[in-house]
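# With the input below, show me the fold.
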Amino acid sequence: MNGDFISLLGKANVPNPFAVAQASPHAGSAGVSPVIPSELIVHATTVFAFHCRDGVIIAGDHRATAGNVIFSDKTEKILELDSHSLMAIAGVPATAFEMARTLQTTFEFYRRSQLQNMSLQAKIRALSRLLRDNLAATIQGFGVVAPIFAGCEVNDPEAKPVIYFYDPLGAQFEAANYAGSGSGSGSIKSVLHFLEKWGDPPPAQMTQAEGVTLATRLLLTASEFDAATGGVHPDRKIYATIKLVNKDGIKTISQEEQEKSWRKAVSL
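Predicted coordinates:
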């Protein structure tokens, strides 16, 4: 039997509470089929994170697709959870946005009620728990989310930022150097792997400005091979969402800073 874990679960004929009974020549009157065609489900794709000299850069384009349709080129995929943690979303935005709002509320409530910040490991596990609680929607295929988490331990002034990536069932994995998620992430991770081994300098030794330029180039590379990756057009001054997180907090790289870095890069 072939297929990944989620596809195998789908073959178990688990009843779908979001389905309407429809006539089926094989299932009889009890047969049901999903009422949400795949081409109507919106997906946000292509987010990634990597270590640089000044912290962790986490980035994503602005494209969301529904089947073969470009649903939006203004989707925000990098979400701030608190002052020192970020979530990059790949998958169904409606589900991911709700998870982000839940985490934002949870982290803030803990900070106010306990008079201290939640530990980084507790934040990482909180996202894992939300993904596990979303199992029913994941199995049925209309609520799949595969996020990336980047953050820094607030309670330790010497702590370094970390990157975690998750599978849709909630398993968490720490990324040593970089992580990617979404349909365009394969190309991006291939380039980052090459640069980590043979780059001069490798991404982990790049400055913030060099990392910003690299992030733009990675998205442009991914868009050449993946139709669901887009929203980055330096010639039209349309750039990605790029943020830097370290022990000092989160910094959003403005469009002006991205344009300046890009002009410098292409002039070399």
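# Just say helix, strand or coil for the closest residue to Leu103 other than its chain neighbours.
Spatially, and ignoring its direct neighbours in sequence, Leu103 is nearest to Leu81 (4.9 Å; CB to CB, 6 or more residues apart in numbering). Just so you know, the C-beta spots here come from the backbone N, C-alpha and C atoms, and that holds for glycine as well. Counting by DSSP: H, G, I helix; E, B strand; the rest coil, the backbone at Leu81 sits in strand.
# Now do the contacts for Leu81.
Neighbour list for Leu81: 87, 100, 103-104, 107, 123, 151 [criterion: CB atoms under 8 Å, 6 or more residues apart in numbering].
# make it 6 Å
With contacts defined as CB atoms under 6 Å, 6 or more residues apart in numbering, Leu81 is in contact with 87, 103-104.
# Ala179 too?
Shown in contact with Ala179 (CB under 6 Å, 6+ apart): 49, 148, 163, 165.
# 7 Å - rerun?
48-49, 148, 163, 165 (CB atoms under 7 Å, 6 or more residues apart in numbering).
# Doesn't it lie inside a strand?
Yes: with three-state DSSP as the criterion, Ala179 is assigned to a strand.
# where's it relative to Ala49, distance?
The gap separating Ala179 from Ala49 is 5 Å, by CB to CB, to the nearest Å.
# quick one: common contacting residues for those two?
Any residue near both Ala179 and Ala49 by CB under 7 Å, 6+ apart counts here, and that gives 148, 163.
# which residues does Ala175 bridge with?
Beta-bridge pairing for Ala175 (DSSP bridges): Ile163.
# That one reaches Phe165, doesn't it?
Yes: at 5.8 Å, Ala175 counts as touching Phe165 under the criterion of CB atoms under 7 Å.
# What residue spans form the domains of this structure?
With domains defined by automatic domain parsing, the chain comprises 1-35, 43-266.
# give me the element the closest residue to Ala265 other than its chain neighbours is part of.
Counting by CB to CB, 6+ apart, Thr213 is the residue found nearest to Ala265 once chain neighbours are left out, at 4.4 Å. Using DSSP states H and E, Thr213 falls within helix 208-225.
# looking only at pLDDT, what's the mean for the helix or strand that that helix is followed by?
Downstream of helix 208-225, the first helix or strand assigned by DSSP H and E is strand 241-246. Averaged across strand 241-246, pLDDT comes to 97.
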